[in-house]
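Novice: need a 3D model of the sequence below.
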Amino acid sequence: MQNTLGNWIVKIALGAILFVGIRFVLLNQVTHSMTDISNAAQQGLARTTAQFQADAARRAAQVEHDKQAKLAADAARISAAAEAAAQKAAVQQAKELAWKQYYTAPKECEHPPSWEAQVECGNKYIRAKRSFEAQYSVGMPAG
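Specialist: Numbers count the residues shown, from 1 in each chain. Next up, the predicted model:
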């Protein structure tokens, strides 16, 4: 009986050792698996964060590019408008100079003595101005 009881004790001890060993191996595998999962999650998070930051940087660069393009377009429009205004002013100034060279009021129109003389001087001015405008528009482009 003792031999049988001793065999049972050895078998139970071996079973316990085997159970503890298997449990240790399984726990070790679970620990490694959890570590691998944690590392993969951290790497995935790092990749996602890096992708998010790269996307944000690209969007910011695009916004800045669009802003600079708009500023350049606005500056070009303003410059073109200023140049057109300057050209128009130069044409108008040339026209006014041409008018001054074209028309000199008659001496008697400086201080007309009567209402009729004043009206006649005004009519002479208007006829001269119309004649000038007709000639100027043919000879020079209208500003």
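
Novice: would you mind confirming that Lys129 is in contact with Tyr103?
Specialist: Yes - with contacts counted by Cβ atoms under 8 Å, Lys129 reaches Tyr103, the gap being 7.3 Å. Placement of C-beta: from N, CA and C, glycine included.

Novice: from Cys109, how far off is Ile132?
Specialist: If you look again at residue 132, you'll see it is Phe, not Ile. Going from Phe132 to Cys109 by Cβ to Cβ, to the nearest Å gives 16 Å.

Novice: same check on Ala41?
Specialist: Taken as Cβ to Cβ, the span from Ala41 to Cys109 is 99 Å.

Novice: these two: who's more crowded?
Specialist: Cys109 (15 against 10; other Cβ atoms under 10 Å).

Novice: which non-adjacent residue is nearest that one?
Specialist: Cys121 (3.6 Å; Cβ to Cβ, 6 or more residues apart in numbering).

Novice: elements contacting the helix or strand encompassing that neighbour?
Specialist: Using DSSP states H and E, Cys121 maps to helix 115-139. Contacting helix 115-139 under the criterion 3 or more Cβ pairs under 8 Å, 6 or more residues apart in numbering; DSSP states H and E are the following elements: helix 2-102.

Novice: quick check: mean pLDDT across the helix it packs on?
Specialist: Across helix 2-102, pLDDT averages out at 89.

Novice: how distant is it from the center of its chain?
Specialist: Helix 2-102 has its C-alpha centroid displaced from the chain centroid by 21 Å (Cα atoms, centre = their mean, to the nearest Å).
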